[in-house]
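>>> Provided below are the primary sequence and the corresponding predicted coordinates.
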Amino acid sequence: MANLKQLSHREVRLTGGHRLCPGCGEPIAVRQVLMSTENPVLVANATGCLEVSTTIFPFSAWNVPWVHIAFENAAAAISGVEAMYKSLKAQGKIDADADYKFVAFGGDGGTYDIGIQALSGAAERGHDFLYVCLNNEAYMNTGVQRSSATPQGAHTTTSPAGEVLPGKKQNRKDLTEIMVAHDIPYVAQTIPGRWMDITRKAEKAFSIPGPKFMNVLTPCPLGWGHEGGLTPEISQLAADTCMWPLYEVEYGVYKITYKPKEKKPIEDFLKPQARFRHLFKGEEGEAIRASIQEWVDWKWEQLLNKAGA
């Protein structure tokens, strides 16, 4: 694996000067993923914060071939590009020694919800690509609406915390495990707050043929309600509380890549975020926090068993 000094000298494939919010986890994750290979890369980008904020006409922050596609079609688009590349290579129209990498970026709305059908189909067909879900746990680009990635208790504009609702009632969908169930070569969960974890996983994903999936928790200061400078710390707290465990599944074999020495209570992750502020008021909030903790503990024990840890 490349060290930090080596990574710092690699080509910058997503430049500064984009319009993403200060402290946004998405550009951090994208730059870390793209610097994890020195091969030429082609990117498909679903509609969302990343697409809107990096390509305001007539400007672009991308230093790689890039295509914008609708919310639901990123996996379909990149699989089509990959199929075309193989065809052109077979026809001798592309150098036989060329080794392009194909990456799709989509938010949780375009991955967990609207785009899951295209993602599932591309995975089943066995295309050689890496899909990266930039998971900020809601539809942030359109005004912080809930998605199936939104955790229980979170306040959004469509699950507002008030007298009628206590925030979102349901736990989030476990899309990482859904992708594991597709029996693809490589699946991983990571965060932008641990550069070595995310770059090592991306580097491994690029080295493995076939479909790969990375689910990256990308804090959103605007939608989560925290200071922009706290993004690395918030993502680390997600790992330290096991709200977002860091692990990988390579050819069906589970490996936990970060195991906190002392698992922190879920309140440590919830408290710095305004979207969970109501959970620290009254008996109902206390009950919801207890429910979240119970779910996190249950999922963590499941993962420990799968990894034989």
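Alright, I've got the coordinates.
>>> Compute the number of surrounding residues for Ala154.
For Ala154, the neighbour count with other CB atoms under 10 Å is 25. To be clear about C-beta, it is placed using only N, CA and C from the backbone, and glycine gets the same treatment.
>>> now it: how far from Phe269?
12 Å (CB to CB, to the nearest Å).
>>> And for His9?
35 Å.
>>> out of the two, which sits in the busier spot?
Phe269 (24 against 8).
>>> which stretches of the stretch 201-309 of the chain form strands?
For the stretch 201-309 of the chain, strands defined by DSSP state E, counting those that start in this stretch occupy the ranges 212-217, 246-250, 253-258.
>>> out of these, which comes closest to Glu124?
With CB to CB as the measure, strand 212-217 is the member of the strands of the stretch 201-309 of the chain nearest Glu124 (12.5 Å).
>>> next one: that closest one to chain centre, how far?
Mean-position distance between strand 212-217 and its chain equals 5 Å (CA atoms, centre = their mean, to the nearest Å).
>>> what's the residue closest to the geometric middle of this structure?
In the chain, the centroid-proximal residue (CA atoms, centre = their mean) is Val216; its distance is 2.6 Å.
>>> who's in contact with the closest residue in space to it that isn't next to it in sequence?
Spatially, and ignoring its direct neighbours in sequence, Val216 is nearest to Ala29 (4.6 Å; CB to CB, 6 or more residues apart in numbering). By CB atoms under 8 Å, 6 or more residues apart in numbering, the contact list for Ala29 reads Val132, Leu134, Pro192, Ile198, Val216, Thr218.
>>> switch the cut-off to 7 Å
Ala29 is in contact with Leu134, Pro192, Ile198, Val216, Thr218, counting by CB atoms under 7 Å, 6 or more residues apart in numbering.
>>> State the pLDDT value of the second one.
I take that to be Pro192. For Pro192, the pLDDT comes out at 95.
>>> quick revisit: hmm, Leu130 and the residue nearest to the centre of the chain touching each other?
No - here Val216 lies out of contact with Leu130, judged by CB atoms under 7 Å, at a distance of 11.5 Å.
>>> Select the helix or strand of the chain having the lowest average pLDDT value.
Least confident helix or strand, the chain: helix 4-8 with a mean of 87, by mean pLDDT, DSSP states H and E.
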